[in-house]
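> mind looking at a prediction? Sequence and model below.
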Amino acid sequence: MRIVALTEESKKNILEDLLKRSPSNYDTYQDTVNEILADVRENGDKAVFQYTKKFDKAELTADTLYVTEEEIKEAYEKVDSELIEVMKKSIQNIREFHEKQVRNSWFTTREDGVILGQRVTALESVGVYVPGGKAAYPSSVLMNIIPAHVAGVKRIVMVTPPDADGRVNPATLVAAHLAGATEVCKVGGAQAIAALAYGTESIPKVDKIAGPGNIFVALAKKTVYGHVSIDSVAGPSEIMVLADETANPRYVAADMLSQAEHDELASAILVTTSQELAEKVSVQIEEFTANLSRGEIIQKSIDNYGYILLAESMEDAIDAVNEIASEHLEILTANPFDTMTRVKNAGAIFLGEYSSEPLGDYFAGPNHILPTNGTAKFFSPLSVDDFIKKSSVISYSKEALEEVHEDIIRFARAEHLTAHANSIAVRFGKEVMN
């Protein structure tokens, strides 16, 4: 794996390289996505069924669109019982973590009759997209549905592409049932996003769409934003490891490859102050890659978007970490908690050599749906907050308003909004007409 000296120029080049992976740069697919969205918006179920037949080879009707209780029962019979127990343990951890994020409404009162507050309510309905195809990701099912369930969302519909027989992956289906999905719809791709955003005869419109997908799904979510809310436009997976000479090179290499195996666009970066560690990690990556089942994908990933950055100081290394703002950040230093205090930008932070990234993917509890492509500078992991909305509450007594009404009128007139001013003035026997 290439070892590069960390300089301002190399950092700039790497940032430009990584940003090329953003879904926003794949405009060649936008026309196709727009066509699908417009077709579903105009023709509803008919278009959804046609695209499902075209892309997934499955024949669907309004009667077979949704997963039945019998299909859920069959899924439980097909999934290994030990995996089901593991999922239940994971669900408990995820639920407990997200329950700590729950916000409550609050109100303050004053003696002059003023009541101010914030009312917190859950979204009414949410659509959760889950990829299908060759791979199944029940862990992502849990991470999307549980925060919505904890938030109090009444309708949580999961959409996922079916196989050619019109069936949903059993592990995905079991995860959805355990997590609390209220319904599962056998639709994928941009057509599923369109159905959730605009509604069809069989698929009611939702308030928000969450969940990762391919480039067509990502662009569709980006396009329908405004008709509905979305969680984010997710890019390829990425990991950054910040390490000093105390880090174990085998652990570092193994953790970097855990993300590189996702796809050819995944990024794995080590930034370190130790030349010896850099060289050992490079050798270990080659050894691991040669023996891993997804070695071909891993090799392309590290060839295109893998780096070992050699920094002159820990301060320079941390500056690079904050500038790149990776989805996953592992800190493997002599005092990782102290190092963390200087990190500002990362989706999820893993501290110490026994807190490897897959722990967060599957089991620890914090959400693994994280900001990518540098957006950790201003976005946060998926959370209960993504499934609630807040309303401000204002109540003034006559006496409280009277005390400040001239100030409000003066402010409104300064903006030449005389109707605003008049709305206040008439309550005290006055008029503002010009």
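Everything's here; your move.
> my guess is Gln284 contacts Tyr251, does it?
No - Gln284 is beyond contact range of Tyr251, at 9.3 Å (criterion: C-beta atoms under 8 Å). The way it works is simple: take the backbone N, C-alpha and C, and place the C-beta from them, glycine included.
> and the end-to-end length of stretch 194-205?
End-to-end distance of stretch 194-205 (C-alpha to C-alpha, to the nearest Å): 9 Å.
> quick one: residues in contact with the lowest-mean-pLDDT helix or strand in the chain.
Every helix and strand in the chain was compared by mean pLDDT, DSSP states H and E; the lowest is helix 8-19, with a mean of 83. Identification of contacts with helix 8-19 by C-beta atoms under 8 Å, 6 or more residues apart in numbering yields 4, 25, 238, 267, 269, 305, 307, 309, 320, 323-324, 373-374.
> now swap in stretch 406-418 and tell me
420-421, 424-425, 432-434.
> the protein: strands as residue ranges?
3-5, 106-109, 115-122, 125-129, 155-159, 183-185, 208-210, 229-230, 238-243, 267-272, 306-310, 328-332, 348-351, 388-395 (DSSP state E).
> just the buried residues out of the contacts of helix 8-19, in ChimeraX syntax.
To isolate the buried members of the contacts of helix 8-19 in ChimeraX, using 16 or more other C-beta atoms under 10 Å:
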select :4,238,267,269,305,307,309,320,323,324,373,374
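> out of the contacts of helix 8-19, which is nearest to Asn214?
Lowest distance from Asn214 to these (C-beta to C-beta) belongs to Asn25, with 14.8 Å.
> residue closest to the middle of the chain?
For the chain, Ile369 is the residue whose C-alpha lies nearest the centre (C-alpha atoms, centre = their mean; 3.9 Å).
> surely that residue is in contact with Ser139?
No - between Ile369 and Ser139 there is no contact under C-beta under 8 Å: 10.0 Å.
> mutual contacts of these two, please.
Common neighbours of Ile369 and Ser139 (C-beta under 8 Å, 6+ apart) do not exist.
> tell me where the model's unsure across the stretch 1-150 of the chain.
Counting by pLDDT under 70, the stretch 1-150 of the chain shows low-confidence ranges at 22-26, 133-135.
> thinking again about what came up before, just the buried positions in the least confident helix or strand of the chain, please.
11, 14, 18.
> and stretch 104-117, by the same measure?
Neighbour-count burial for stretch 104-117 [16+ other C-beta under 10 Å]: Val114.
> how far does the least confident helix or strand of the chain sit from its chain's centre?
Relative to its parent chain, helix 8-19 has a centroid offset of 24 Å by C-alpha atoms, centre = their mean, to the nearest Å.
> only the C-alpha atoms, please, for that helix, written as PDB.
Extracted C-alpha coordinates of helix 8-19, given in PDB (Å, rounded to 0.1, in the frame of the first residue of the first chain):
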ATOM      1  CA  GLU A   8      -0.500  20.500   2.400                       C
ATOM      2  CA  GLU A   9      -0.300  19.400  -1.200                       C
ATOM      3  CA  SER A  10      -0.700  15.700  -0.600                       C
ATOM      4  CA  LYS A  11      -3.600  16.400   1.700                       C
ATOM      5  CA  LYS A  12      -5.300  18.600  -0.900                       C
ATOM      6  CA  ASN A  13      -4.800  16.000  -3.600                       C
ATOM      7  CA  ILE A  14      -6.300  13.300  -1.400                       C
ATOM      8  CA  LEU A  15      -9.300  15.400  -0.500                       C
ATOM      9  CA  GLU A  16     -10.000  16.100  -4.200                       C
ATOM     10  CA  ASP A  17      -9.600  12.400  -4.900                       C
ATOM     11  CA  LEU A  18     -12.000  11.400  -2.200                       C
ATOM     12  CA  LEU A  19     -14.700  13.900  -3.200                       C
END
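> and Ser81, how many neighbours does it have?
9 (other C-beta atoms under 10 Å).
> look up how far Ser326 lies from it.
For Ser81, the distance to Ser326 (C-beta to C-beta, to the nearest Å) stands at 37 Å.
> could you measure from Glu99 over to Ser274?
41 Å.
> what's the answer for Tyr354, then?
Distance, Tyr354 to Ser274, using C-beta to C-beta: 20 Å.
> which of the two has more neighbours?
Ser274 (17 against 8).
> the more buried one and Val241 touch, don't they?
No - in this structure Ser274 lies outside contact range of Val241 using C-beta under 8 Å: 12.0 Å.
> shared neighbours of these two, which are they?
The contact sets of Ser274 and Val241 overlap at Ala247 (C-beta under 8 Å, 6+ apart).
> which residues touch Met87?
By C-beta under 8 Å, 6+ apart, the residues touching Met87 are 138, 142, 174-175, 178.
> which two in the residues you listed are spaced the farthest apart?
Leu142 and Val174 (10.6 Å).
> what's the longest helix in this structure?
helix 81-99 (DSSP state H).
> reformat the contacts of Met87 as TSV; add distance to Ala334 and neighbour count.
Converted to TSV, the contacts of Met87 look like this (distance: C-beta to C-beta, whole Å; neighbours: other C-beta atoms under 10 Å):
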residue	distance to Ala334	neighbour count
Pro138	37	25
Leu142	35	24
Val174	43	22
Ala175	39	30
Leu178	41	19
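> in helices only, show me those residues.
138, 142, 174-175, 178.
> any residues touching stretch 119-127, and which ones?
103-105, 148, 151-159, 192, 196, 204-211, 228-229, 387-393.
> and with 6 Å instead?
Contact partners of stretch 119-127, identified using C-beta atoms under 6 Å, 6 or more residues apart in numbering, comprise 103, 105, 148, 151-153, 155-157, 196, 206-209, 387-388, 390-391, 393.
> equivalent analysis for stretch 184-191, please.
With C-beta under 6 Å, 6+ apart, stretch 184-191 has contacts from 33, 36, 40, 48, 51, 55, 66-67, 132, 157-162, 176, 216, 220.
> span of it from start to end?
15 Å.
> over to stretch 286-299?
9 Å.
> just how off-centre is that stretch within its chain?
That offset, for stretch 286-299, works out to 27 Å (C-alpha atoms, centre = their mean).
> oh, and call the first residue 15 from now on, that's how I've got it
Noted, 15 is the first residue going forward, which turns the last one into stretch 300-313.
> quick check: buried residues in that stretch?
302-303, 306, 311-313.
> pLDDT added to the residues you listed, as JSON lines?
Shown next, in JSON lines, are these (pLDDT from 0 to 100):
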{"residue": "Phe302", "pLDDT": "94"}
{"residue": "Thr303", "pLDDT": "94"}
{"residue": "Leu306", "pLDDT": "91"}
{"residue": "Ile311", "pLDDT": "92"}
{"residue": "Ile312", "pLDDT": "92"}
{"residue": "Gln313", "pLDDT": "94"}
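> Val201 versus the closest residue to Ser216 other than its chain neighbours, what's the distance?
Closest residue in space to Ser216, ignoring its immediate chain neighbours: Ala76 at 4.8 Å, by C-beta to C-beta, 6 or more residues apart in numbering. Ala76 sits 12 Å away from Val201 when distances are taken as C-beta to C-beta.
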